[in-house]
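Trainee: A predicted structure for the sequence below; I have some questions about it.
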Amino acid sequence: MARMTMIQAIRSAMDVAMARDDNVVVFGEDVGFFGGVFRCTQGLQEKYGKHRCFDTPINESGIVGAAVGMAAYGKRPCVEIQFADYMYPGYDQLVQDAARMRYRSGGQFESPLVVRMPTGGGIFGGVNHSQSPEALFAHVAGLKTVIPSNPYDAKGLLIASIEDEDPVMFLEPKRLYNGPFDGHHDRPVTPWSKHALGEVPEDYYTVPLGKAAIRREGAEVTMLVYGTMVYVAEAAAEEAGVDAEIIDLRTLLPLDMEAIEKSVQKTGRCVIVHEATRTCGYGAELAAIVAENCFYHLESPVVRVTGWDTPYPHAHEWDYFPGPARVGAALKKVMEKA
Amino acid sequence: MARMTMIQAIRSAMDVAMARDDNVVVFGEDVGFFGGVFRCTQGLQEKYGKHRCFDTPINESGIVGAAVGMAAYGKRPCVEIQFADYMYPGYDQLVQDAARMRYRSGGQFESPLVVRMPTGGGIFGGVNHSQSPEALFAHVAGLKTVIPSNPYDAKGLLIASIEDEDPVMFLEPKRLYNGPFDGHHDRPVTPWSKHALGEVPEDYYTVPLGKAAIRREGAEVTMLVYGTMVYVAEAAAEEAGVDAEIIDLRTLLPLDMEAIEKSVQKTGRCVIVHEATRTCGYGAELAAIVAENCFYHLESPVVRVTGWDTPYPHAHEWDYFPGPARVGAALKKVMEKA
Amino acid sequence: MMRELAYRLIRVLDAEGRAVGPWAPEISEEALREGLRDMLKVRAYDTRMTMAQRQGKTSFYMQALGEEAIACAFARALRPGDMHFPTYRQQGLLIANGCPVVRLMNQIYSNTEDPLQGRQMPVFYSERDYGYFSISGNLASQYIQAVGWAMAQAMDGKDGLSVGWIGEGATAESDFYSAMLFASTYRPPVILNIVNNQWAISSRESLARGSSPTFAARGVGFGLPALRVDGNDYLAVYAAAKWAAERARAGLGPTAIEFLTYRTGAHSTSDDPSAYRPKNDSEAWPLGDPVDRLKQHLIAQDIWTEERHAQAVAEIDIEIAEAQKQAEKNGTLHDGPHSSPATMFEDVYKEMPLHLRRQRQEAGV
Amino acid sequence: MMRELAYRLIRVLDAEGRAVGPWAPEISEEALREGLRDMLKVRAYDTRMTMAQRQGKTSFYMQALGEEAIACAFARALRPGDMHFPTYRQQGLLIANGCPVVRLMNQIYSNTEDPLQGRQMPVFYSERDYGYFSISGNLASQYIQAVGWAMAQAMDGKDGLSVGWIGEGATAESDFYSAMLFASTYRPPVILNIVNNQWAISSRESLARGSSPTFAARGVGFGLPALRVDGNDYLAVYAAAKWAAERARAGLGPTAIEFLTYRTGAHSTSDDPSAYRPKNDSEAWPLGDPVDRLKQHLIAQDIWTEERHAQAVAEIDIEIAEAQKQAEKNGTLHDGPHSSPATMFEDVYKEMPLHLRRQRQEAGV
Ligand SMILES: Cc1ncc(C[n+]2csc(CCOP(=O)(O)OP(=O)(O)O)c2C)c(N)n1
Ligand SMILES: Cc1ncc(C[n+]2csc(CCOP(=O)(O)OP(=O)(O)O)c2C)c(N)n1
Ligand SMILES: [Mg+2]
Ligand SMILES: [Mg+2]
């Protein structure tokens, strides 16, 4: 066991995966010699050579497209898109090719690749360094979507993703790279070294895709969250004095529907929180599922707390971010109407 | 007044708009001399010249990107993407540039452009000629999304879209180009000339964005539909003998929330139908909105009938398509559980 | 100078059917006759399937009429294990590589024996065992995938190679650029073919070419060796393919090749070119019929005769007709049978997730 | 031959500061001094804003250290009404075009007078009145937009032009290709500039260049006139800009220009190049400091002295310091004030739709 930040845990996952399987290759913009702008791939080129970890030209469609070709051949590419905001030029390759490869080829070709990308705001990244595009992946049949919220999960989920036979979109909440963040931006930052989930085995282990984690058991309301919002939910529930059951989804697709249904059927209330824009965000799917499958157990309407339906602003970051105050208000709202 | 197919109505809309405003320009793959693979732009190059209606190289990012530049300059580009399935290479320009232009430039530059694209299945188009990507647009703050279901609306909405100051994604259900289609693929096709909404004024008029149309008033259940599904809903309601209120949304964003809320508060039941894949489809947003805003009026869970979460298959098209049988079953289900 | 090859035209067969000039390849008599048969087979297959579509037996078809030499000669110049990343107009690769015609027809009919289980539109084949990558509906995405495949192969130290195929119209797509760029940067063993058949649905090739005199010139911009070849000249295609393949296998990196040809037929069965091109345009085309040109060469060499030709045409037609009968026993699109609708939910993921299992149940299949 | 210009290097200033060779432009003494002052101003502005970021007054900054000649000379060679589609490293265009520095600082500080109302990260300016298009965070998308703007201008029969700007690293993006292609096909009045400062964050220019000897050679692949110019030579930049602008205004179509320079500083305030490039790399750079080179030219011509230079530096520093004080009165990022949070909901659509009005209400702003 070691103390790791989320960056170190992610790096360790690639290191372990590359050591175990020669077919694992890592590439992307600035990931080779430099080790990535967030330093997640630092040291991998030195350890595994330029054929296993290398820089690419700045062309996201090229990165994903080359990965699709390599994966079809038999490699296991784990590529980095520098920011999730920059995945759009590679989206066609993901949707039309990676996601459909096995289906359209009758199983002759597959796309076992991972696309890692830092996601989310809270770092004054403004319009183009703060986006949360997870719903754009979840809507696409054939893709899997993973968002870890801590170093332990990040490593275990990333190894599982690299070993997975399907294309996995691996979203890394960049606000969590160095420590949990509960949305109280005016308070000092806690490092991972002070958090239980910053304790990470140095060797191989996996956290299976498709299984949620209950971060806090509770009786009054179910909170469906992922990534940074796990900590915001924890803070908000505590501050609001609500006995919330906090479910960290970890994998958005496949989704742990059973965990959700079980919890909401128990609590009868549900608050969903994410940073992405609201309309057609992943929270819409969660709300729809809960409304469809837990209708007769619900005591008040499901409430979504999300980023507003605007681009992510720079100066007004904290007015945009769904922080503990807004989440707390939602908790009170669902409790009130009981 | 004239009898028009949806193709003729769309063509007439561009004709009227080009005649009224020299800044309206029309371009895309095969749209110039040939008039488009679905012939929606036929005759426009001859009438308005090669500077106003022209062919482009096969590069969707180039088409949208050039349109963004022209629109910022002061033109009103109305471009065609040959199939909605081929918009992905242009998605970056739509999301990161067109949708955010006014916002990020403090109002100095705008993106008044229209992207027309044939959408949906039912024509044996298989994986890559059948997609319904509307949710991918609705999730993006700054875009508007329109889907007409008949020639009258198509013309009025397209003129309104061209005149609109925001970027409008104009999805044309290709299965409706030549006549309404209720999903009974084994029956003869009705042409638009036999439908009241095939009656279209030859001159200028608009149908405002953001206003739904009630196609059928009813007391027992609200059906939220758009495009081809309007006719499937009509057939299903009639066959199931359910007194359904059928709302044709016409514009997905901005959404006519008030019409939806009013209807569901009246009927207490809601069925949502679309052809796109289910997870994170537009139906999720509709279900979430209904569950949030009409909770205390709902007598049974909202039900979604959608395309399955798989690519759109070729031979099994009718097993995929949400036809009257599946929609009828949903109607019975929401009624049953009263 | 190397760069100039991008602006010339490599030809081998002259007007009398002689193989002349520095590019005349070494090729056996039997290989020449095989080449001719491959092309005839493609043409017969195309004719039958176009007809089958008209007869309502399937939804769609695309022929390669007039362009047969390119895929047929290229396939024969390569080795088993090499992987083609084709467009919808390279059925010649499959036929020259020995893929049974009945397999292809099963795909066209989306019947019970369709290797793709009826999921894909006709002609969107996938035949891994015949070196034929799964065809994507969105143009050009395969081009960069071919480069990725070649990079992977090079990592493993294998001497196989991959071939990207693209129509001249689709070179306009951005993935064409990604492919040229990655090829230029990493220099993996890939051949990047551009089939310039002068039309992209209704658009002339000049729309995608712009101010550049040729498509091969694009390669010059990336510092890649680039050839421009008469695509209706079986021997020129074969020679260029051999040259590029040897370079790739020797570790000298990628080659870009523009093949000049002409789309003699409609874009697809959904298309009617009379709306956008002169009726006799196809007759006026100067590169000639690739089948006739190779036939003339064989006859000129005394290794073929008009009679043997007529006989070959007849034999091949019978063979294709037989295959068609056999395929139709497995079903046709509109009359079935097809694979079970339950297959629709398979292969989306390696293991079917809960939401899909629930949906399959809802579908009752 | 025209094509060869893509493989050479156009220079005007020699080692002694003389303007020599066929590209030496006609330019007045006053224009030369203005050019020098523009560059000094950019440098002073960069220095102050980099410092302000370090002091925690804003979140981010990007300087153009060592590359000042390119934007400054180019701006002066163009006309009001021409539109630049820049990257984040062309602040020189704004300063040379007379945009008040305090306006720029207000943007850097996201304060109450920020023309973009605090929405954008620092340096993502938009200044329509100064011919400066709104900067996008996603690389290269502006390049094809510049072509679209030029097409629109040509439709209207105006003689204005547009200029696309891109870093050499970002030429790898597909929108670079779309732009070159549309420029090649439609030949509108656009100039497509590539600023090759040899680094793209940690990547060397060769990664994006691949097997081609230059970036200008990309233009050759599209049949476009393509120049390669010493970007640290104010006169060479000015001359190339004038040449390309005249061609464009005369209806002769687009020009591609590669400017060779060197990114002397870090990529941004978030970056520390010591992790990926040798410390003395920047000193070894042979093209020299563009400010020194122009200064030397002026002094050699006897229209400038070391004293006047020192005085100009001091004056400009005071001017920038004054502007900074004024800007800080309007607020800084972390201490505010900012525009009202309600502005966050504005300008998403021309008119605020119901769902946003509801959200604004929910936000209580
Ligand atoms: C991304 C994308 N855009 C548009 C299309 C529609 N489309 C299919 S084939 C075609 C023409 C391609 O022409 P070319 O590349 O010259 O190939 P050819 O048909 O001549 O063999 C077009 C525009 C598509 N399939 N994918
Ligand atoms: C689509 C996209 N991909 C990646 C990035 C991240 N990024 C920002 S600047 C940069 C390097 C650009 O280098 P270059 O084009 O040479 O410009 P320079 O910084 O040298 O001026 C990268 C990779 C981005 N902004 N957008
Ligand atoms: Mg073609
Ligand atoms: Mg650079």
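Mentor: Nice, I can see it. Residues are numbered from 1 along each chain as shown, chains lettered A, B, ... in the order given. Ligands and ions are numbered 1, 2, ... in the order given.

Trainee: neighbours around residue 86, how many?
Mentor: Chain wasn't specified; assuming chain A. When neighbours are defined as other Cβ atoms under 10 Å in any protein chain shown, residue A:86 has 24 of them. (Glycine included, C-beta is placed from N, CA and C.)

Trainee: hm, I was asking about chain C
Mentor: Residues contacting residue C:86 under the criterion other Cβ under 10 Å number 27.

Trainee: residues touching it, list them.
Mentor: Counting by Cβ atoms under 8 Å, 6 or more residues apart in numbering or on different chains, residue C:86 touches C:71, C:93, C:132-133, C:135, C:142, C:165.

Trainee: so for residue A:259, what's the nearest residue that isn't a sequence neighbour?
Mentor: residue A:212 (4.4 Å; Cβ to Cβ, 6 or more residues apart in numbering or on different chains).

Trainee: and the strands in the stretch 201-350 of chain C?
Mentor: Taking DSSP state E, counting those that start in this stretch, the strands of the stretch 201-350 of chain C run over residues C:203-204, C:226-230, C:255-260.

Trainee: who wins for most neighbours among the contacts of residue C:86?
Mentor: residue C:71 (31 neighbours).

Trainee: that one: what secondary structure?
Mentor: Under DSSP: H, G, I helix; E, B strand; the rest coil, residue C:71 falls in the helix class.

Trainee: mind checking how far the residue of the stretch 151-300 of chain C at minimum distance from ligand 2 is from ligand 4?
Mentor: As assessed by Cβ to the nearest ligand atom, ligand 2 sits closest to residue C:174 within the stretch 151-300 of chain C, at 12.3 Å. According to Cβ to the ion, to the nearest Å, residue C:174 and ligand 4 sit 21 Å apart.

Trainee: mind checking pLDDT for that residue?
Mentor: Residue C:174 carries a pLDDT value of 98.

Trainee: quick one: contacts for the closest residue to it other than its chain neighbours?
Mentor: Distances taken as Cβ to Cβ, 6+ apart put residue D:174 closest to residue C:174, at 3.2 Å, once the chain neighbours are dropped. For residue D:174, the contact set (Cβ under 8 Å, 6+ apart) comprises A:59, A:61-62, A:89, B:61, B:89, C:174-175, C:177-178, D:140.

Trainee: if we go to 7 Å?
Mentor: For residue D:174, the contacting residues are A:59, A:61, A:89, B:61, C:174, C:177-178, by Cβ atoms under 7 Å, 6 or more residues apart in numbering or on different chains.

Trainee: tell me which of the residues you listed is nearest to residue A:279?
Mentor: residue A:89 (23.3 Å; Cβ to Cβ).

Trainee: assumed the closest one was part of a helix.
Mentor: Yes. Assessed with three-state DSSP, residue A:89 lies in a helix.

Trainee: can you tell me the closest non-neighbouring residue to it?
Mentor: Distances taken as Cβ to Cβ, 6+ apart place residue A:60 nearest to residue A:89, at 4.2 Å, with adjacent residues excluded.

Trainee: okay, and the beta partners of the nearest residue to residue A:44 once chain neighbours are set aside?
Mentor: Once flanking residues are discounted, residue A:44 sits nearest to residue A:53: 4.2 Å by Cβ to Cβ, 6+ apart. Under DSSP bridges, the beta-bridge partners of residue A:53 are residue A:26.

Trainee: relative to ligand 3, how far out is the residue in the stretch 201-350 of chain C that ligand 1 sits nearest to?
Mentor: Residue nearest to ligand 1 within the stretch 201-350 of chain C: residue C:201 (4.7 Å; Cβ to the nearest ligand atom). From residue C:201 across to ligand 3, the span is 8 Å (Cβ to the ion).

Trainee: run a quick neighbour tally on that residue.
Mentor: Neighbour tally, residue C:201, other Cβ under 10 Å: 22.
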